[in-house]
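> Predicted model follows, preceded by the sequence.
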Amino acid sequence: MDSSAAQEWDADKALESLAEERSTLYASETDTQICKRLLMENGPIVVQAIVHLALNSQNERVRLDAGKYVCDRVLGRIIDSVPVGDKPGDAFDKVASWLMDEETNTTTSDSKAGAN
């Protein structure tokens with residue numbers, strides 16, 4: 001991403017904005033609630049940014065780290081789970097089953113067309 005296209009971060013301005021929000025709109029929020037709210041409000045754009053980095057970063061290490069992060073969040077960390085595909089109904093199993101069904105349907109329709 002071109003640095004001129006990126007929005008500059010101004011920590012002082014961000015803190016001022018947060019203090020103003022807290023005093024006017026969210027006076028009863030705890031620090032933890034503020035963090036959760038900010039994460040919920042900005043989650044979709046942050047996810048898009050991580051996926052963009054995984055696909056388009058010029059730095060190979062950034063692409064690898066972003067890709068691993070996305071896989072860990074979607075499929076679960078390998079160290080914390082049963083190996084992918086070994087647990088019926090996991091995300092990988094569903095995708096693999098769908099692909100196999102598609103392949104079977106394509107092969108079946110191709111052989112029926114050849115028999116005619």
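Cool, the structure landed.
> quick one, helices of the chain?
Ranges of helices within the chain are 11-24, 31-56, 60-75, 91-115, based on DSSP state H.
> Could I get the average pLDDT for the last one?
This points to helix 91-115. Helix 91-115 carries an average pLDDT of 68.
> what's the answer for the third one, then?
The predicted model assigns helix 60-75 a mean pLDDT of 90.
> picking up where we left off before, as a markdown table, the helices of the chain with mean neighbour count would be great.
Every C-beta, even on glycine, is put in place using the N, C-alpha and C of the backbone. Formatted as a markdown table, the helices of the chain follow (neighbours: other C-beta atoms under 10 Å):
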| stretch | mean neighbour count |
| --- | --- |
| helix 11-24 | 10 |
| helix 31-56 | 12 |
| helix 60-75 | 13 |
| helix 91-115 | 10 |
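> tell me the domain ranges of the protein?
1-81, 83-116 (automatic domain parsing).
> Enumerate every residue touching Ile50.
Ala66, Tyr69, Val70 (C-beta atoms under 8 Å, 6 or more residues apart in numbering).
> just Val62 next, same as before
Taking C-beta under 8 Å, 6+ apart, one finds Leu53 in contact with Val62.
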